[in-house]
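Undergrad: When you get a sec, could you give me coordinates for this:
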Amino acid sequence: MNGGDPQTTSAVQNSIRAPLSASTTSLVRLLRSESLRMVLAESCTSGRAAAALGAIPDISEYFCGSVIAYRDQTKIDLLDVGAEGIEQWTSTSEPVAMQMACSVLFKTSEADYAASITGHLGPMSAECHDGMVYIGLAWRTNDGVKPYQVTLKNLKAKNRLARRDEATAELFEQLRRCILATRHPTE
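TA: A predicted model of the protein is given here:
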């Protein structure tokens, strides 16, 4: 997108942002209608999800915050992800995504739901991992924090920034589906 026609560049940027905007709006509407609060643990999105939510007025009623844990040691230190798990499965894995979600929800007592994301946005990833993200979801019940599911998503976008927005949109969509499934199981 360097040096291109400004109108074309703007159109491309808007087409990347449209799904993110739609998924953000859809999630926030659901949080508001259900009076729910959420928290995030972000790795590969580097705070993009928090930034998208933070742009919405009065979001603090529904968004508790986000832990950005990009490096393995930060995941261990801030999210209590087990070093053994990272060594066995790597930090971009289903077990680590679930540990991230459950831990951030456990540590955020006012949140009802948590979502985490870890992955490889490229371009310097091994080809088999390039564009791959894991999204972990957890929810709070009367019995405590419960893991919901981990979703593996292979991103379609080709560049890092577009992948970051696509991953964030998918994170929001997966969290929205989790809320619907746990709050309204027949929908």
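Undergrad: and stretch 128-146, how far apart are its ends?
TA: 31 Å (CA to CA, to the nearest Å).
Undergrad: Sketch out the helices for the protein, chain order is fine.
TA: For the chain, the helices defined by DSSP state H cover 6-34, 48-54, 72-79, 83-89, 94-107, 160-183.
Undergrad: mind checking which of those is nearest Tyr113?
TA: helix 160-183 (6.0 Å; CB to CB). C-beta coordinates here come from the backbone N, C-alpha and C atoms, glycine included.
Undergrad: in this protein, which helix or strand is least confident?
TA: Ranked by mean pLDDT, DSSP states H and E, the weakest helix or strand in the chain is helix 6-34, scoring a mean of 71.
Undergrad: Give the phi and psi angles for Gln157, as a check.
TA: Check again: residue 157 is Ala, not Gln. As for Ala157, its main-chain torsions (degrees, to the nearest 10) stand at phi -60, psi 150.
Undergrad: so how far is Leu27 from it?
TA: As judged by CB to CB, to the nearest Å, Ala157 and Leu27 stand 20 Å apart.
Undergrad: what does Arg48 give?
TA: 14 Å.
Undergrad: more neighbours, the two?
TA: Leu27 (27 against 21; other CB atoms under 10 Å).
Undergrad: Next, count neighbours for the nearest residue to Ser91 once chain neighbours are set aside.
TA: Nearest residue to Ser91, sequence neighbours excluded (CB to CB, 6 or more residues apart in numbering): Asp72, at 5.0 Å. Neighbourhood size, Asp72 [other CB under 10 Å]: 16.
Undergrad: Likewise for the one 4 residues further on?
TA: Using other CB under 10 Å as the criterion, Ile76 is surrounded by 16 other residues.
Undergrad: Ok, the one 3 residues further on next?
TA: When neighbours are defined as other CB under 10 Å, Leu79 has 21 of them.
Undergrad: Can you verify my assumption that it contacts Cys102?
TA: No: under the criterion of CB atoms under 8 Å, Leu79 is not in contact with Cys102, lying 9.1 Å apart.
Undergrad: in this structure, what spans have low per-residue confidence?
TA: 1-18, 186-187 (pLDDT under 70).
Undergrad: And Leu36, how far from Ile56?
TA: 15 Å.
Undergrad: ugh, wrong one, Glu127
TA: Taking CB to CB, one finds Glu127 at 37 Å from Ile56.
Undergrad: Same check on Cys128?
TA: Relative to Ile56, and taking CB to CB, Cys128 is found at 36 Å.
Undergrad: Compare those two (neighbour count), which wins?
TA: Taking neighbours as other CB under 10 Å, Cys128 and Ile56 compare with Ile56 leading, 14 against 7.
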